[in-house]
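> Return atomic coordinates for the entry below.
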Amino acid sequence: MNEWITAMQARKWMKKNESFLPIWHAYVGVELDLFNQFERATDIDTVSEKTGYPRDLLASWVRVGVAVKHLKKRPNERFRSSKQRCSTLMGDNVSPGIKAILKEMLELHIPTMLKYPDIMRSHERAQFDHERHGEVVAETSALLEHFAIKKIIKMLRDQRAKTVVDLGCGHGGYLRKLSEEFPDLKLVGVDINQKVVDHARSLSEGYPNISFEVGDINTWEPEEQVDVVLLHNIFHYIHPDERDNLLDHLRSYVTHKGLISVITPISEKEYGHAFSSAFNSFFIAHDNLFALPDKQELQKISDHCHFEMFDLDPIIKEGSWYTFWLSPNSPIKEMRQSTMAGGTEQQIKREQAELTRTS
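This next block holds a predicted model:
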């Protein structure tokens with residue numbers, strides 16, 4: 001009887017593994033351009049001969065594809081990619097966002113999570129390789145920032161900003177979007193990764209109001225004070241004990257009425273608890289990545305550095321990603337009759353009351 005119970009319990013856990021297969025199958029298919037190879041119904045031998053991939057491995061990938069409905073079986077042992085399910089993984093313009101997400105999950109997050117037993121036993125944490133993975137992370141960060149672009153554009157108009165600095169700018173996609181809206185705005189991107197900056201420059205050649213610099217955000221300084229600083233998806237690169245130092249440093253070159261735009265996942269239970277916990281587990285498994293902040297920490301840092309934090313808003317609830325503003329002034333006092341980027345004074349007060357309560 002005990003053996004039967006053990007077998008049934010194992011069977012339940014085996015069943016849970018099925019949810020991983022679509023992600024793995026999509027990742028392999030995109031990396032090896034296999035969905036395009038099967039765009040029209042064809043057999044495994046033909047694709048194996050054309051690509052040089054081993055037939056047995058290719059056949060195994062095809063069988064999984066049929067099982068997860070990424071591929072459809074046709075007469076005479078031919079197979080075709082499902083356009084309904086995989087259209088964003090096919091063609092000349094495979095979605096760069098999906099490709100980046102798959103790559104980051106399968107090459108970064110999951111391998112690190114599988115090393116957890118070794119890391120915990122040895123006390124030797126992984127090392128995040130900025131040179132190797134910086135461009136993929138930049139791509140996924142750009143995806144997340146997309147959900148806050150309207151809010152930031154509105155604030156820039158309200159502020160009548162003249163200069164914007166994007167710290168950890170990645171490929172500069174955010175700056176290019178802002179340039180299209182504000183062709184006279186001076187835009188500066190700063191990133192620590194030379195390869196990422198080089199790529200950003202090449203992508204931004206047609207945008208004369210954008211420039212890029214290689215620099216460490218903790219020490220880099222502009223030639224003159226700036227109106228708005230974008231601090232997006234940065235906190236997990238900064239040790240918790242150093243985050244207030246970073247904000248103090250930014251305060252030294254943000255204008256008196258300037259703003260800092262922050263986007264970050266937050267460690268909390270209200271939204272996206274599973275995802276934020278997983279992100280946190282990935283970050284703290286590295287010796288050069290750090291735990292996500294929670295709302296209480298953010299409020300504490302803001303108070304310590306004499307910033308006003310307002311308009312805290314979840315932009316991707318399932319991932320617990322938030323956006324908010326930091327001001328060296330008190331926009332709540334100075335703009336009592338204004339609507340700030342979609343957040344009314346009453347909303348701001350409610351958010352501050354909630355933060356005070358949770359503190």
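> tell me what the strand with the most length in the chain is packed against?
Ordering each strand of the chain by length in residues (DSSP state E) puts strand 254-265 first. Applying 3 or more Cβ pairs under 8 Å, 6 or more residues apart in numbering; DSSP states H and E, one finds that strand 254-265 makes contact with helix 149-159, strand 226-232, helix 273-284, strand 321-327. Quick note: C-beta positions are derived from backbone N, CA and C, even for glycine.
> Compare these and report which one is nearest to residue 19.
helix 273-284 (12.8 Å; Cβ to Cβ).
> tell me the angle of the closest one relative to strand 321-327?
Taking axes from the mean of the first three to the mean of the last three Cα atoms, to 10 degrees, one finds helix 273-284 and strand 321-327 inclined to each other by 70 degrees.
> orientation of helix 273-284 relative to strand 254-265 in degrees?
Using the same axes, to 10 degrees: helix 273-284 against strand 254-265 is 110 degrees.
> Would you mind pulling up the elements that helix 273-284 packs against?
Checking 3+ Cβ pairs under 8 Å, 6+ apart, helix 273-284 ends up next to helix 110-114, strand 254-265.
> Hmm, residue 209 and residue 189 touching each other?
No. Applying Cβ atoms under 8 Å as the test, residue 189 and residue 209 come out as separate, 11.6 Å apart.
> Neighbour count for these two, which is higher?
residue 189 (27 against 16; other Cβ atoms under 10 Å).
> returning to what we had before: got the CA coordinates for the longest strand of the chain in PDB?
Extracted in PDB, the C-alpha atoms of strand 254-265 (Å, rounded to 0.1, in the frame of the first residue of the first chain):
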ATOM      1  CA  VAL A 254      18.700  66.600 -10.500                       C
ATOM      2  CA  THR A 255      17.300  70.100 -10.700                       C
ATOM      3  CA  HIS A 256      15.400  71.500  -7.700                       C
ATOM      4  CA  LYS A 257      12.100  70.800  -9.400                       C
ATOM      5  CA  GLY A 258      13.300  67.700 -11.200                       C
ATOM      6  CA  LEU A 259      12.000  64.100 -11.000                       C
ATOM      7  CA  ILE A 260      13.400  60.600 -10.900                       C
ATOM      8  CA  SER A 261      11.300  58.000 -12.700                       C
ATOM      9  CA  VAL A 262      11.600  54.500 -11.100                       C
ATOM     10  CA  ILE A 263      10.500  51.200 -12.500                       C
ATOM     11  CA  THR A 264      11.300  48.100 -10.400                       C
ATOM     12  CA  PRO A 265       9.800  44.800  -9.400                       C
END
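> Which segments of this structure make up each domain?
Following automatic domain parsing, one gets these domains for the chain: 2-94, 135-358.
> any idea which of these is most buried?
domain 135-358 (a mean of 18; mean count of other Cβ atoms under 10 Å).
> Relative to the whole chain's centre, how far out is it?
Its chain's C-alpha centre and that of domain 135-358 lie 13 Å apart, by Cα atoms, centre = their mean, to the nearest Å.
> In which helix or strand does residue 309 reside?
strand 308-316 (DSSP states H and E).
> measure the residue most central in space within the chain to residue 103 for me?
The centroid of the chain falls nearest to residue 141 when counting by Cα atoms, centre = their mean (3.3 Å). Residue 141 sits 13 Å away from residue 103, going by Cβ to Cβ, to the nearest Å.
> Residue 316 now?
19 Å.
> go on, residue 236?
Residue 236 is 18 Å from residue 103, where distance means Cβ to Cβ.
> And residue 322, by the same measure?
For residue 322, the distance to residue 103 (Cβ to Cβ) stands at 25 Å.
> what angle do the strand holding residue 309 and helix 149-159 make?
Following the same axes, to 10 degrees, one obtains 150 degrees for the angle between strand 308-316 and helix 149-159.
> So which elements touch strand 308-316?
Secondary-structure packing of strand 308-316 (3+ Cβ pairs under 8 Å, 6+ apart): helix 295-304, strand 321-327, helix 331-334, helix 345-358.
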